[in-house]
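need the 3D shape of this:
(2 chains)
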Amino acid sequence: MVILIAVISLGAIGAIGALFLYFASKKFEVYEDPRIAQVQEILPAANCGGCGFPGCSGFANACVKAGTLEGLYCPVGGTDVMNKVAAVLGKEVATAEPMVAVVRCNGTCEARPKINNYDGTANCAMASALYGGNTGCSFGCLGFGDCVSACNFDAIHINPLTGLPEVIEDKCTACGACVKACPKTIIELRKIGPKSRRIFVSCVNKDKGGIAKKACNSACIGCGKCVKECKFDAITLENNLAYIDYTKCRLCRKCSIVCPTGAILEINLPPRKEAVAEAVVKTEENKETTN
Amino acid sequence: MLKTFRIGGIHPPENKLSSGKKITLLPVPKQVVIPLNQHIGAPAIAVVKKGDDVKVGTLLGKAGGFVSANIHSSVSGKVNKIDNALDSSGYRRPAVYIDVEGDEWEESIDRSNTILKECTLSSKEIIDKITEAGIVGLGGATFPTQVKLMPPPGNKAEILLINAAECEPYLTADHTLMLEKGEEVLIGISILMKAIQVNKAIVGIENNKKDAIVHLQKLSVNFPGIEVLPLKVQYPQGGEKQLIDAILRRQVKSGALPISVGAVVQNIGTSYAVYEAVQKNKPLIERVVTVTGKAVSNPSNLSVRIGTPISHLIEAAGGLPEDIGKIIGGGPMMGKALINTEIPVIKGTSGILLMTRKESERKPVYNCIRCAKCVNVCPMGLQPTQLMTVTEFSNWDLAEKLHITDCVECGSCSYTCPSNRPLLDHIRLGKGKVLGIVRSRKT
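All right, here's what the predicted structure looks like:
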């Protein structure tokens, strides 16, 4: 008998509660577009923030709400993922050039000797808040690896021989976390380029040539030779520093040959044919003699 | 019982090695480098060009904004170039290079030793003269003095506080100045009182400078309204908010200026500079610098022209010790390590401290043991250990709520930590980030 009362009363309480919850859920229902979940499923779930939104769900929400997919791009998933997202939403495909992070400092241990010791916390942001750095170059890489700890994809590491960060191209998703983490703004996102080939000025030193050269053997000294050599108007010289515009560069490799300090780096380009190199040297000599 | 501030504070070994040493005049170097940004705020704009002849006191740079200061030549000679020069932190900033020829002064400057007590100028005229002379806070913060003397509308100054605490260990520049230029300093204070229209000023001096207290108390009899108050030795008593609390028992609210409690705080060195500017028409072109350290053979107080390379100062104090580890600009608590010895003396250089390798080495860092010593000593009532953690995790919202921007960077927390944790390094980073966020929110 007692047990029956307990069963009935508990059952009644349960029923009332269920009824209340049912009506409450109807009354206070928040409608969520089911497509958000669908889109989120497609996204890589890296939650890196590379798209500019707080995580993948934020990006999915933005994709669904936006009129077109223009300006929305998942750097991790790339064009494949964006195609799928576009298919689910029935919108135009957004295309963006695949990018990759490049480190614009070539001041290796040999090229850029240390002039003082830093014994504080091994952290780039902290060191740069205190002073210019332990070499003569106050623009260059500090080498404590804030970019390494910012990377979610294990795509950037400090090379112990050079003391500089190196990007592993296959792993880099161009999310831009390292770009934001670097207090010296050395890292830049650039177009991967045809067959992953690219050319860039690996220096951010804005000091005058003499000072820059004294601090670092491979610094850009702002001589402007590359600017003169470039036929495509891709190189600009500002504040004693050359910059190659990757949208204009045609990878003709003429700039890197004339650079006196080797500050212009070629990535993934085949070794120069000696004949070509010699020819270039010869034309150089000819020029000099005719001058 | 002597007064001091009520929250936190530490008492590091005083090590005032150079106290009692007379101020020595350092010879003028062959070339000076005068940076155009020696103060907080906008850099000055150069008004001379290459090849110009300048005299001592010639204007080199005009203030580049409201919070800025004029820069004057400290030597006579020819402008060699206007170019970027290394500053103490290793960045290159615009500076004027002058090759020294002779020692010719501007005619308007009174170079006699007579003490001029009478000042008949009005408040506005005094402030104009101070602005003209490019005077900044000489305690080390280098905030333009005239800005402090013009309170924002709605605020009225009630009292002038003079910071002569010199709470930093090692430094004795202010102490020596009080002993040798006591009368001039007091005239400077009465001029400042006139500028902000108050009739009371209190000079706070820490009790480890008894001779200076006695000397100034004796002289202050002739100066109505100026009181000399001995304070208990406690770091960082020289901080504005700490000094106000110590003397007036008033707390400045978070984010507010000292003027909100009716106080204007000036350094004792600044009041001497004000005396020279107003009574002698002499702009801020030289200052007293303490060169000291346990391994220094002759710790001294030097009167140095702005722009002199610090290697000259070190030479005058007996040269670099053999096992030098760090050269610090300022005192051991708030000073910063300099990157080389060719950096010029600027308006804010109160001392050069040479530390041996053994003294300057950082000790190994251990885990936080939650002893809360840092919380006890923080003079701003913050929780340094928590601020360090939130900075490590980049939690800027929480950092702002915990008032990270109130930190005065005195370094008491790092000094006291038994685990040698670099608390201040982290807090300084977090403070910078949060200030950036707050600024971007406003615009």
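
go through the one helix or strand A:D80 maps to and flag the buried ones.
Using DSSP states H and E, A:D80 sits in helix A:78-89. In terms of neighbour count (16 or more other C-beta atoms under 10 Å in any protein chain shown), helix A:78-89 has its buried residues at A:G78, A:T79, A:V81, A:M82, A:K84, A:V85, A:A86, A:V88, A:L89. Any C-beta I mention is one placed from the backbone N, CA and C, and that applies to glycine too.

A:C216 versus the fifth one, what's the distance?
Taking C-beta to C-beta, to the nearest Å as the measure, A:K84 falls 46 Å from A:C216.

now swap in the last one and tell me
Noted for A:L89: a distance of 50 Å to A:C216, by C-beta to C-beta.

what secondary structure does the residue of the stretch 101-250 of chain A at minimum distance from chain B sit in?
Across the stretch 101-250 of chain A, the shortest distance to chain B (C-beta to the nearest C-beta) belongs to A:G132, at 2.9 Å. Secondary structure, DSSP: H, G, I helix; E, B strand; the rest coil: A:G132 is coil.

count of residues packed around it?
Using other C-beta atoms under 10 Å in any protein chain shown, A:G132 has 22 neighbouring residues.

other SSEs contacting the helix holding A:D80?
Secondary-structure packing of helix A:78-89 (3 or more C-beta pairs under 8 Å, 6 or more residues apart in numbering or on different chains; DSSP states H and E): helix A:34-42, helix A:55-65.

and the angle from the first one to helix A:55-65?
It refers to helix A:34-42. With axes from the mean of the first three to the mean of the last three C-alpha atoms, to 10 degrees as the basis, helix A:34-42 and helix A:55-65 are set at 140 degrees to each other.

hmm, who's touching helix A:34-42?
The contact list for helix A:34-42, computed with C-beta atoms under 8 Å, 6 or more residues apart in numbering or on different chains, reads A:C56, A:S57, A:A60, A:N61, A:C63, A:V64, A:G77, A:V81, A:K84, A:V85, A:V88, A:L89.

buried set for that helix?
Going by neighbour count (16+ other C-beta under 10 Å), the buried part of helix A:34-42 is A:R35, A:I36, A:V39, A:Q40, A:I42.

mean confidence (pLDDT) on that helix, please.
What helix A:34-42 shows for mean pLDDT is 89.

rounded mean pLDDT for stretch B:299-316, please.
Mean pLDDT, stretch B:299-316: 94.

quick one: the helices in the stretch 51-200 of chain A?
With DSSP state H, counting those that start in this stretch, the ranges of helices along the stretch 51-200 of chain A come out as A:55-65, A:78-89, A:124-130, A:146-150, A:177-181.

go through those helices and name the closest to B:A157.
Within the helices of the stretch 51-200 of chain A, the stretch nearest B:A157 is helix A:124-130; the backing value is 34.3 Å (C-beta to C-beta).

report the mean confidence score over that closest one.
Per-residue scores along helix A:124-130 average to 89.

find me the pLDDT at residue 265, would you?
Going with chain A. Each residue has a pLDDT score; the one for A:L265 is 90.

um, chain B though
You'll see B:V265 listed with a pLDDT of 94.

check contacts around it.
Counting by C-beta under 8 Å, 6+ apart, B:V265 touches B:K148, B:L160, B:L161, B:I162, B:N163, B:E240, B:L243, B:I244, B:P258.

around chain A, pick out the residues from chain B.
For chain B, the residues in contact with chain A (C-beta under 8 Å from any C-beta of the partner chain) are B:84, B:89-92, B:336-337, B:339-340, B:361-362, B:422, B:425-426, B:428-429, B:432.

just the residues you listed: which are in helices?
Members of the residues of chain B next to chain A lying in helices (criterion: DSSP state H): B:D425, B:H426, B:R428, B:L429, B:G432.

out of the residues you listed, the closest to A:L241 would be?
B:G432 (25.4 Å).

grab the nearest non-local neighbour of the closest one.
Spatial nearest neighbour of B:G432, chain neighbours left out: A:A129 (6.0 Å); criterion: C-beta to C-beta, 6 or more residues apart in numbering or on different chains.
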